[in-house]
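*Asks:* please work out how this folds:
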Amino acid sequence: MTANRPQLHVVPRTWGPAELHAVRARYLRDWVVVKRARFNAAKRFERKQNASTLAFAIAGIVGIALPYFTQLFGAGLVPHTKNVLEFYGYITGALALGLGLVEQARNYSSLSRRFDECGRRVNTALRKLYNAPGVDEITLHRLVTEYEAALDICDVNHDPVDYEIALAGEERDMFRPGQSGHGVEEARIKLQRRLARLQWRETVGIYWLYWVILAGPTLIAWLVWVL
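*Replies:* As a prediction, this is how the structure comes out:
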């Protein structure tokens with residue numbers, strides 16, 4: 001996947017203060033968004049790791065506890081109901097266990113740490129650029145090199161949704177508290193709704209498989225029990 005990053009430009013020595021100021025301003029905007037995207041990716045992978053742990057909990061609770069319940073109280077259950085409960089417990093437990101093993105093997109915790117470290121180093125370069133309003137060509141080129149080295153910490157790029165959330169958040173935060181004017185509140189609400197939709201899309205992308213392994217066997221078991 002192509003990285004969402006500004007291209008590395010070789011700054012010519014003939015650039016004047018106005019050109020350098022424009023390049024610095026563009027890099028400040030771009031680096032802030034990339035920093036946010038990297039931190040978003042770190043949080044997303046952390047949530048994926050937690051979800052895979054949750055899958056093991058589901059496998060233990062449903063796959064073991066429910067069949068054990070039917071063994072203890074099977075005499076008081078209708079045979080058909082007992083069979084349906086055991087079917088639901090075994091299928092859901094097996095699916096949750098399999099999904100948890102697959103997701104754990106992807107080592108999301110390591111990816112989360114790498115993206116977090118990348119975001120921290122990008123933030124370091126960003127602070128140096130922010131604290132150098134009168135940056136010269138050599139300093140700018142050095143900071144761009146430092147920024148590129150920070151991105152190289154991760155050999156994979158953040159997902160598009162990480163970048164889109166970062167961009168929407170940055171655009172929303174551009175509105176100062178108490179700022180008013182024609183269309184300002186409407187634009188702020190529109191950006192907030194866009195950000196909420198993106199965050200919902202991210203959540204669905206993380207948990208949809210877990211919802212399926214819970215809802216699918218539940219629906220099948222209910223149909224078997226009713227019919």
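
*Asks:* would you map the helices across this structure?
*Replies:* Along the chain, the segments classed as helices by DSSP state H run 17-60, 66-73, 79-105, 108-130, 137-151, 160-173, 184-226.

*Asks:* ok, of the ones you listed, where does mean pLDDT dip lowest?
*Replies:* Mean pLDDT is lowest for helix 66-73 among those, at a mean of 82.

*Asks:* so which elements touch that helix?
*Replies:* Other helices and strands packing on helix 66-73, by 3 or more CB pairs under 8 Å, 6 or more residues apart in numbering; DSSP states H and E, are helix 79-105. For the C-beta atoms, the positions are set from N, CA and C on the backbone; glycine is no exception.

*Asks:* by contact count, what packs against the helix it packs on?
*Replies:* Other elements packing on helix 79-105 under the criterion 3+ CB pairs under 8 Å, 6+ apart are helix 17-60, helix 66-73, helix 184-226.

*Asks:* can you redo those helices as CSV with distance to residue 116?
*Replies:* CSV is the format used below for these (distance: least, CB to CB, whole Å):
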stretch, distance to residue 116
helix 17-60, 4
helix 66-73, 38
helix 184-226, 17
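
*Asks:* nearest to residue 124, out of those helices?
*Replies:* Comparing the helices and strands packed on helix 79-105 by their distance to residue 124 (CB to CB), the top pick is helix 17-60, with 9.8 Å.

*Asks:* gap between the residue positioned nearest the centre of the chain and residue 162?
*Replies:* By CA atoms, centre = their mean, the mean C-alpha position of the chain lies nearest to residue 44, the distance being 2.7 Å. Per CB to CB, to the nearest Å, residue 44 is found 6 Å from residue 162.

*Asks:* repeat for residue 38
*Replies:* Noted for residue 38: a distance of 8 Å to residue 162, by CB to CB.

*Asks:* repeat for residue 113
*Replies:* Distance from residue 113 to residue 162, by CB to CB: 16 Å.

*Asks:* higher neighbour count, those two?
*Replies:* Legend: neighbour count by other CB atoms under 10 Å for residue 113 and residue 162, higher for residue 162 (25 against 14).

*Asks:* quick check: that one touching residue 41?
*Replies:* Yes - between residue 162 and residue 41 there is a contact under CB atoms under 8 Å: 4.5 Å.
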